[in-house]
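Engineer: A structural model of the following input is requested.
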Amino acid sequence: MSEARRHLVIGANGAQGAAVVRRLLADGEHVRGFGRRAGAHLVPGDLADPSTLTAAFAGITHVSAVLPLVFDRETVLTHVRNIVDAAKAAAVTRLVLNTNTPVPRDVTPFAAYETRRAAEDAVRCSGLPVVVLRPTVYLDNLANPVTGRAVVEDGVLAYPLPPDRSVAWISHDDLAAATVAALHRPGIEGAVVRLGGPEAFSGAELAATFGAATGRQVTYLPLEVERFESGLRDVLGEAAAAGVAGIYRWAAQAADPDLFAPDHDEVERVLRVRMHPIATWVAAQRWERWAATAVR
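Structural biologist: From the prediction side, this is the model:
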């Protein structure tokens, strides 16, 4: 901990930003969260309103930013420009941008990738001391009642990724550890880190890990992207659901095999952190809580 460091976490209302807040607080750091809702360690604000960002950045030295699930290019670039302007005015020491998804080598027809590519380009060209994190897919996406119930009652792990797509899954806690390292490690300004775990699993290998943790036979089922998108609409709304679904549509057709399976040695070399094995995260979850017979 450094008494001189003061952190702003943009997107602190979301699961990824909240994990960063928790990690910084656990490390004894000074933290201010920024999001649409107020709360403990949180100040309300809107990325479209520069005045709220100016206030949030007052006295801040280090910034972690994850953008909301908005996939309109001009809106995203407005948000990024406002963050950059506020960061410059505050003369921040480090800005870490989490793109919330890998960024493919080639331009795609999907806004979820291209808006994040544009956001990354904007912060990297800003002149600020920047580190970019490109995470793969979060294990925490699987910790929900629908997925959990299917695992414990039906022995099925369903997700909208092809069964042969190797994925170096990570957890929100590991994202937080990587973010804190990116905020504080000296001499890595300008780095773009493809953030994945130490192992890349196919669908069958992931299901086997779930089976070992729950003591049952588990089979991987590649969920249809249309069905996945339909389930997201009630939670995220139509535009955000369509944006997120685009990530998985490209995953089903992309030629680059390492898009979701980056070299973990890069994470260790640049950030000096090591992500946890998938089995460690799976074993730590309380899957039985989603069984129909569980005590409510």
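
Engineer: strands along the stretch 1-150 of the chain, start to end?
Structural biologist: 6-10, 30-35, 42-44, 62-66, 94-98, 130-135 (DSSP state E, counting those that start in this stretch).

Engineer: need these in TSV (columns: distance to residue 152, mean pLDDT and mean neighbour count).
Structural biologist: For every residue, glycine as well, the C-beta is placed using N, CA and C. Shown next, in TSV, are the strands of the stretch 1-150 of the chain (distance: least, CB to CB, whole Å; pLDDT from 0 to 100; neighbours: other CB atoms under 10 Å):
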stretch	distance to residue 152	mean pLDDT	mean neighbour count
strand 6-10	34	98	27
strand 30-35	33	95	23
strand 42-44	34	89	17
strand 62-66	31	98	26
strand 94-98	31	98	25
strand 130-135	27	98	24
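
Engineer: make JSON lines out of those strands and add distance to residue 221.
Structural biologist: Output for the strands of the stretch 1-150 of the chain, formatted as JSON lines (distance: least, CB to CB, whole Å):
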{"stretch": "strand 6-10", "distance to residue 221": "35"}
{"stretch": "strand 30-35", "distance to residue 221": "34"}
{"stretch": "strand 42-44", "distance to residue 221": "38"}
{"stretch": "strand 62-66", "distance to residue 221": "29"}
{"stretch": "strand 94-98", "distance to residue 221": "29"}
{"stretch": "strand 130-135", "distance to residue 221": "24"}
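
Engineer: pLDDT wise, what is the one residue sitting closest to the centre of the chain at?
Structural biologist: Centroid-nearest residue in the chain: residue 100, 4.1 Å away (criterion: CA atoms, centre = their mean). On the pLDDT scale, residue 100 is placed at 95.

Engineer: helices or strands next to the helix or strand of the chain with the lowest mean pLDDT in the packing?
Structural biologist: Across the helices and strands of the chain, mean pLDDT, DSSP states H and E gives its lowest value to strand 42-44, namely a mean of 89. Here strand 42-44 touches strand 30-35, helix 50-56, going by 3 or more CB pairs under 8 Å, 6 or more residues apart in numbering; DSSP states H and E.

Engineer: among the ones you listed, which is nearest residue 264?
Structural biologist: Evaluated over the helices and strands packed on strand 42-44, closeness to residue 264 peaks at strand 30-35, with 27.7 Å, by CB to CB.

Engineer: by contact count, what packs against the closest one?
Structural biologist: Against strand 30-35 (3+ CB pairs under 8 Å, 6+ apart) you get strand 6-10, helix 15-26, strand 42-44, helix 50-56.

Engineer: redo that, cut-off 7 Å
Structural biologist: strand 6-10, helix 15-26, strand 42-44 (3 or more CB pairs under 7 Å, 6 or more residues apart in numbering; DSSP states H and E).
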